[in-house]
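Enquirer: Output the structure for:
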Amino acid sequence: MDIATVTRSVTGSGERYLELFLKEYTSIFKEKVNPSCPKCLTDYLNRYKNHFKAMANSCNYRLHAKYENIPLEFGSPILVNNTNITDAYAQKLLQHNNGQRYFAQMPKAAEVPVKKTKVIKNNTASAGSISANPSSQ
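Expert: So this is what the prediction gives:
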């Protein structure tokens with residue numbers, strides 16, 4: 001919604017969008033408003049929009065600007081940026097080699113998932129110490 005729509009339009013019941021917007025704005029931000037100042041109204045609308053953009057994305061990860069629209073995986077059609085990033089996408093990006101370099105912001109307790117390899121321990125003794133006949137010892 002743009003400022004022209006807010007200032008000039010009315011609802012189907014005849015109530016002005018400006019009045020509704022200012023009621024909503026004051027209930028969220030708890031401050032006085034000046035409805036006769038066009039610059040102030042534009043600032044109110046921008047602050048209102050930014051407030052809801054910030055609430056929409058609750059992910060704790062933020063990408064560096066140069067890594068915006070990075071593919072999720074090799075050949076993936078999903079391009080990850082700060083508007084669509086989720087914790088699951090961030091975990092996949094962290095699995096890349098040096099995946100932490102993508103992020104400008106990460107949770108403090110975030111650990112890089114390490115690919116686990118299974119280690120097989122060889123418990124057999126050397127052939128010279130094993131006797132075929134246990135009674136000969």
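Enquirer: What distance do you get for Thr83 to Gln91?
Expert: 18 Å (Cβ to Cβ, to the nearest Å). Using the backbone N, CA and C atoms, a C-beta is placed for each residue, glycine as well.
Enquirer: ok, the two, which is more surrounded?
Expert: Gln91 (14 against 10; other Cβ atoms under 10 Å).
Enquirer: So which residue is smack in the middle of the protein?
Expert: Cys59 (3.2 Å; Cα atoms, centre = their mean).
Enquirer: give me the element it is part of.
Expert: Using DSSP states H and E, Cys59 sits in no helix or strand.
Enquirer: wait, what's in contact with it?
Expert: By Cβ atoms under 8 Å, 6 or more residues apart in numbering, Cys59 lies in contact with Ile85, Thr86, Asp87, Ala90.
Enquirer: Following element in sequence after the helix ranked longest in the chain, please.
Expert: Longest helix in the chain, counting residues (DSSP state H): helix 38-56. Downstream of helix 38-56, the next assigned helix or strand under DSSP H and E is strand 62-63.
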